[in-house]
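[1] Mind looking at a prediction? Sequence and model below.
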Amino acid sequence: MAHGMERLITKLRNERRLEAEEYRALLVCDDGEVSRKLQKAARETALARFGNRIYIRGLIEITNICRNDCLYCGIRKSNRKTERYALDKAEILECCRTGYGLGFRTFVLQGGEMPEHSDRMIEDVCKAIHAEFPDCAITLSLGERRAESYERFFKAGATRYLLRHETHNPEHYSLLHPAEMSLEHRLQCLDTLKGIGYQTGTGIMVGSPFQTFGNIVEDIMYISDFRPEMIGIGPFIPHKDTPFAGYGTGLVDSLPVDIIGLTLKLISIFRLMFPDALIPATTALATLAPDTALPGGRELGILSGANVVMPNLSPAGVRHRYSLYDNKASTGAEAAEGLAKLEASLKRIGYRITIDRGDFSGRLTRQSL
Ligand code: SAM
């Protein structure tokens with residue numbers, strides 16, 4: 001293995017940061033042994049901090065109605081083929097009841113970007129979940145909203161918010177989004193969320209159209225400064241009814257790369273930068289590397305330093321309509337009701353599920369499932 005790379009891994013492990021060119025060198029290096037060493041260092045760091053426990057979050061996809069038109073996303077407003085739905089308060093609470101019974105202590109409410117007048121409904125739902133399940137955490141992933149809306153939701157009981165910045169390069173951002181969206185506003189939202197006191201998550205898609213290694217390094221430098229509590233990294237997967245339908249999975253700098261390998265490398269880098277962070281093994285990773293071949297994407301993510309999985313708790317009848325990309329996994333171990341399968345697949349790699357809110361501070365009591 002190249003001596004220089006080994007030195008970088010040790011430096012990242014000890015100092016928790018590298019220079020931009022050093023991150024780049026690690027990312028472009030295609031030596032399998034370097035990847036294995038990086039993965040091992042990240043896995044050891046996660047094990048030292050969290051043991052072999054993996055947090056579970058119940059993902060409730062509350063609506064696929066969206067006013068935005070992100071070019072990569074299957075639920076973008078211009079996709080007329082999507083059959084739209086919105087869960088009401090009673091349906092969301094029912095998902096939480098099912099999830100609570102299964103052992104979930106965090107509910108993630110994710111959806112397309114709803115109009116401002118939906119504030120009251122979201123606030124109401126947060127209050128109701130908080131009242132019925134006071135021992136559970138509420139995470140929101142509802143996109144860009146006004147600061148007063150974020151504040152209302154926080155007061156109503158939501159304490160975590162996921163908002164991937166998607167790319168920190170303004171030009172790249174403009175190639176992925178319509179003219180009315182701006183990177184500046186997205187970053188402002190992230191600052192606002194942090195300022196309010198949310199545990200805040202951000203992240204990127206790996207291999208998104210027009211992405212370069214330089215862009216990914218910019219993302220790492222931004223995340224290094226922003227210091228999010230949660231970091232979501234998943235591969236870009238095209239959706240057939242979007243402008244990026246024909247865009248292949250796995251291009252960076254316009255060249256084919258091992259996109260699963262690059263995603264795992266980034267998970268490992270972020271684990272070494274932020275030993276305490278909550279880093280999911282994403283559904284997109286599990287979709288691209290299904291667990292028909294073991295280890296699948298979810299397990300590979302965990303073996304690379306991830307410590308969270310987010311099984312789908314949405315009503316079975318709407319799951320196929322929350323289609324962000326082609327063949328999105330929502331059954332088997334990706335489904336909340338498939339927890340036994342998830343548990344078995346984690347057990348095979350030496351991990352187990354934990355019932356725990358799993359806050360960033362990690363101070364709450366743990367109880368194994
Ligand atoms: N509207 C909210 C937002 O923008 O944060 C939440 C929902 S949005 C669908 C959640 C995430 O899905 C996005 O941040 C994006 O990274 C991811 N996503 C969308 N389309 C994707 C695709 N084609 N491949 C992989 N991930 C995708």
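    In hand now; what should we look at?

[2] can you list the weak-confidence ranges in the chain?
    Where the chain drops to pLDDT under 70, the residues are 1, 293, 361-369.

[3] in it, which residue is closest to the centre?
    A centroid search over the chain (C-alpha atoms, centre = their mean) returns G232, at 3.1 Å, as the residue closest to the centre.

[4] Now for it: which residues touch it?
    L162, R164, G201, T202, G203, I279, P280, T282 (C-beta atoms under 8 Å, 6 or more residues apart in numbering). From N, CA and C alone the C-beta is placed, and that goes for glycine too.

[5] Around whichever residue of the stretch 251-369 of the chain sits closest to the ligand, count how many other residues there are.
    The nearest approach of the stretch 251-369 of the chain to the ligand comes at Y325, 3.6 Å away (C-beta to the nearest ligand atom). Around Y325 sit 23 other residues, with neighbours defined as other C-beta atoms under 10 Å.

[6] looking at this, it is in a helix?
    No: if the criterion is DSSP: H, G, I helix; E, B strand; the rest coil, then Y325 is coil and not within a helix.

[7] Can you tell me how far it is from S224?
    Remark: distance between Y325 and S224 (C-beta to C-beta, to the nearest Å) = 28 Å.

[8] One more: K77?
    K77 sits 34 Å away from S224, going by C-beta to C-beta.

[9] residues in the stretch 51-200 of the chain within reach of the ligand, list them.
    Residues of the stretch 51-200 of the chain found near the ligand (C-beta under 6 Å from any ligand atom) are Y72, C73, Q110, G112, E113, S141, L142, G143, L163, R164, E166.

[10] Repeat the analysis, applying 5 Å as the threshold.
    Y72, C73, S141, G143, R164 (C-beta under 5 Å from any ligand atom).

[11] Identify those among the residues you listed that sit within strands.
    Within these, residues falling in strands by DSSP state E are S141.

[12] Find the pair from the residues of the stretch 51-200 of the chain next to the ligand with maximum spatial separation.
    Across these, the longest distance by C-beta to C-beta is 16.2 Å; it joins Y72 and S141.

[13] Buried ones in stretch 330-346, by neighbour count?
    Across stretch 330-346, burial judged by 16 or more other C-beta atoms under 10 Å covers 330, 332-336, 338-339, 341-343, 345-346.

[14] This completes my enquiry, with thanks.
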